[in-house]
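> Need a 3D model of the sequence below.
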Amino acid sequence: QLQASGGGLVPPGGSLRLSCVAHGFTLDGYAVGWFRQAPGKKREWVSCFSADGIRTYYADFIKGRFTISRDNSKTTVYLQMNSLEPEDTALYYCAADASSDACNYNMHHWGQGTQVTVSS
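Below is the predicted model of the structure:
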């Protein structure tokens, strides 16, 4: 199971760090990604760690504001989000899959989501 946490309410320009913790397994050899879904919109991909733990990918709209990382225990992946904008308001999910090198919308494990709200 994956557990996402760290969401909250922040003003525009603020920062949050989301965590995705794997329970019962390590993320070694798993592609791990962050996705988000705003009300009335489709789920969209945000960022991804390749299965080899070396490559990172970001959606174009991130514009250098977010950073994905993982801890040495290989059970937690983080998403550091800076310069948050109201358009970043969404429910953020993490997902992992050992059968894929990169992220996709059909990943095997999904967390429950953590709400990020950017508002003044």
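> Going by neighbour count, list what's buried in stretch 8-26.
The neighbour-count check on stretch 8-26 (16 or more other C-beta atoms under 10 Å) flags 10, 14, 16, 18, 19, 20, 21, 22 as buried. Bear in mind the C-beta positions are built from the backbone N, C-alpha and C, glycine included.
> What's the end-to-end length of stretch 33-47?
For stretch 33-47, the first-to-last residue distance is 6 Å (C-alpha to C-alpha, to the nearest Å).
> Just the buried positions in it, please.
With burial defined by 16+ other C-beta under 10 Å, the residues of stretch 33-47 counted as buried are 33, 34, 35, 36, 45, 46, 47.
> Where does the prediction get shaky in this structure?
Confidence mapping of the chain against pLDDT under 70 gives zero matching residues.
> contacting residues for the most centrally placed residue in it?
Nearest residue to the geometric centre of the chain (C-alpha atoms, centre = their mean): residue 34, 2.5 Å. Contacts for residue 34 (C-beta atoms under 8 Å, 6 or more residues apart in numbering) come out as 18, 20, 45-48, 68, 77, 79, 92-95.
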